[in-house]
Every structure is written in structure tokens, then in C-alpha cells.
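K.L.:
Dropping a prediction and its sequence here:
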Amino acid sequence: MKITSREIAKMLDHSTLQPFLTLEDVRRGCELALKYDVATVCARPQDMTLVTEMLKGSQVLPCTVIGFPHGSHTMEIKVLEAQQALRDGCRELDMVINIGRMLAGEYDYVEREIRRLADVCHGEGAILKVIIETCYLNDEQKIKACQLSESAGADFVKTSTGYGTAGAKIADVALMRKAVSPAVRVKASGGIRTLDTVLSARAAGAVRCGVSATEAIMLEAVKRESEGTLIMPDTLTEMSGEY
């Protein structure tokens with residue numbers, strides 16, 4: 001099945017999350033995102049006013065992270081962080097669950113936290129993606145985390161921060177897609193460096209991918225589209241490496 005480079009671009013959340021990035025790096029990231037008209041720029045909370053200003057008037061949305069990367073902020077701080085991000089113009093928020101509470105089986109806490117963030121986001125017309133950090137969970141826990149996310153009102157479930165012990169796995173993307181209803185979308189992140197892994201993630205059920213290798217992915221997508229070879233894969237390419 002053929003796919004367009006435009007469809008690929010709108011799968012991409014361009015990441016500018018690394019702690020060493022300067023404001024000039026973030027500006028260049030926004031310029032790159034605008035060049036290819038991707039879905040969002042996913043930036044650090046401190047950068048949101050800059051990102052929002054640079055993306056104003058475009059179809060590229062400002063996105064940030066909450067409780068990132070470990071998920072161990074208090075619930076109240078995550079709520080405050082989300083509220084500030086929304087005031088700064090953010091339209092999509094990617095929150096990290098409290099991983100320790102999830103592993104301990106404290107599902108009421110995990111669901112309550114997600115619901116509070118979802119309510120904050122939806123009250124401002126924004127969407128919430130829930131990072132379950134698959135590298136720390138077994139399959140049963142991954143399924144449960146996805147179910148809790150849907151029950152709490154999340155718009156997306158997301159594989160990874162990219163700062164754990166491993167990134168996204170194709171098997172996890174497929175598992176998560178099956179764990180939630182069509183009302184909840186799936187985002188893959190962590191180790192997605194090539195067009196082939198984006199296509200594999202899409203084939204497994206993801207509609208978004210968090211990437212920093214945006215330009216390399218898009219150059220390859222445009223090239224293959226011009227050659228008539230931009231098609232969905234028959235076999236899936238595994239993702240590896242860091243975000």
C-alpha cells in the first residue's frame with residue numbers, strides 16, 4: 001500500500017528534549033518542523049513560549065512533556081506543570097506515569113493521576129498522551145497501563161520516554177494497539193531513526209512517532225515518493241537505540 005510523504009510528516013512529533021540543547025537549537029528544531037510541516041514540536045517545558053511563538057499560524061502544534069523523564073513528580077506538581085504548559089500555548093502534553101506506583105500495583109493512584117491530567121488538558125481543548133515506559137513493564141502491566149489510560153480519558157498511549165533502559169519495540173506497539181479501543185491512539189518513541197522504522201511502527205498500529213531524526217526520515221520519504229517506492233512494508237523493522 002502506497003503512502004505519501006505528507007502522511008509521514010504528520011506522524012512525526014519532532015523532539016527537542018535533550019537537556020543539553022540551547023535556545024538556538026530549539027529554534028532550529030522549530031524551523032525544521034515548519035519546513036516539513038510535521039505534527040508537533042515536542043519541547044521541554046521551559047521552551048514552550050519560544051516554541052509557541054515560532055509555530056504561530058502554522059499547522060505544527062506545540063507539544064511538551066509532563067513529569068519527564070522518570071514520572072516520579074508528585075501528582076500536584078504534574079498538574080501545575082500541565083497548567084503552566086497550557087498557559088504557555090501548548091496543545092499536546094505527553095505525561096509520564098508514576099512508574100513505581102504502576103509496578104507496585106497501585107492502579108487507583110495511576111488512574112487518578114492520568115484522569116487529573118486529562119481533565120486539565122481537555123478543559124483547554126488540548127490532548128493528553130500517556131507514556132507508560134514499556135521497558136520497565138511486563139506485558140500484563142503494559143496492557144493494564146493502557147487500559148487505565150483509556151479509562152482515565154487519555155487520547156494516546158505512548159511507549160517510551162527514550163531515557164529508560166530501552167526504547168519502543170514493534171511488539172509493544174502492536175500489544176498497545178490491541179489493549180485500547182479505536183478511540184485511543186498509539187505513539188511510538190525511542191530509537192526511531194529511519195523511515196523504515198516509522199513505517200513499521202505505523203504498520204503495527206502507531207499513528208505518531210517521536211523522533212529527533214526528522215530531516216533524515218523526511219528526505220528519505222520524499223525520495224521514495226518521487227520514485228514511487230514509498231509503500232508500507234511486508235515485514236516489520238525493529239526499533240533500537242536511544243531517543
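P.N.:
That came through fine. Numbers count the residues shown, from 1 in each chain.

K.L.:
alpha carbons only for contacts and neighbour counts from here, please
P.N.:
Fine.

K.L.:
which stretches of the protein form helices?
P.N.:
Using DSSP state H, the helices of the chain run over 5-9, 23-36, 48-55, 75-87, 99-103, 107-123, 139-152, 170-179, 195-204, 214-227.

K.L.:
What is the neighbour count of Leu103?
P.N.:
Using other CA atoms under 10 Å, the number of residues around Leu103 comes to 14.

K.L.:
dump the residue contacts of it.
P.N.:
Neighbouring residues of Leu103 by CA atoms under 8 Å, 6 or more residues apart in numbering: 137, 141.

K.L.:
how near is it to Asp172?
P.N.:
17 Å (CA to CA, to the nearest Å).

K.L.:
and if you look at Glu124?
P.N.:
From Glu124 to Asp172 the distance is 31 Å (CA to CA).

K.L.:
Looking at those two, which is more packed in?
P.N.:
Asp172 (21 against 13).

K.L.:
Now do the same contact list for that one.
P.N.:
Counted by CA under 8 Å, 6+ apart, Asp172 has contacts 134, 159.

K.L.:
ok, back up a step: so which of the helices of the chain comes closest to Ser160?
P.N.:
Closest approach to Ser160 among the helices of the chain (CA to CA): helix 170-179, 10.2 Å.

K.L.:
in that closest one, what's buried?
P.N.:
By neighbour count on 16 or more other CA atoms under 10 Å, the buried set for helix 170-179 is 170, 172-177, 179.

K.L.:
Make a markdown table out of the helices of the chain and add mean pLDDT.
P.N.:
Formatted as a markdown table, the helices of the chain follow (pLDDT from 0 to 100):
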| stretch | mean pLDDT |
| --- | --- |
| helix 5-9 | 98 |
| helix 23-36 | 98 |
| helix 48-55 | 98 |
| helix 75-87 | 98 |
| helix 99-103 | 98 |
| helix 107-123 | 98 |
| helix 139-152 | 98 |
| helix 170-179 | 97 |
| helix 195-204 | 96 |
| helix 214-227 | 98 |
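
K.L.:
out of those, which comes closest to Asp234?
P.N.:
It is, among those and with distance given as CA to CA, helix 195-204, at 9.1 Å.

K.L.:
How far does that closest one sit from its chain's centre?
P.N.:
Here helix 195-204 shows a centroid-to-chain-centroid distance of 14 Å under the convention CA atoms, centre = their mean, to the nearest Å.

K.L.:
Stretch 185-204 too?
P.N.:
That offset, for stretch 185-204, works out to 11 Å (CA atoms, centre = their mean).

K.L.:
Mind exporting the C-alpha coordinates of it to CSV?
P.N.:
The C-alpha trace of stretch 185-204 is given here as CSV (Å, rounded to 0.1, in the frame of the first residue of the first chain):
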residue,chain,number,x,y,z
ARG,A,185,-4.3,6.3,19.5
VAL,A,186,-0.8,4.9,19.9
LYS,A,187,2.5,6.8,19.7
ALA,A,188,5.9,5.0,19.4
SER,A,189,9.0,6.7,20.6
GLY,A,190,12.6,5.7,21.5
GLY,A,191,15.1,4.6,18.8
ILE,A,192,13.1,5.7,15.8
ARG,A,193,15.9,6.9,13.4
THR,A,194,14.8,5.8,10.0
LEU,A,195,11.8,5.9,7.6
ASP,A,196,11.6,2.1,7.7
THR,A,197,11.1,2.1,11.5
VAL,A,198,8.4,4.8,11.1
LEU,A,199,6.7,2.6,8.5
SER,A,200,7.0,-0.4,10.8
ALA,A,201,5.5,1.5,13.7
ARG,A,202,2.6,2.6,11.5
ALA,A,203,2.0,-1.0,10.3
ALA,A,204,2.0,-2.1,14.0
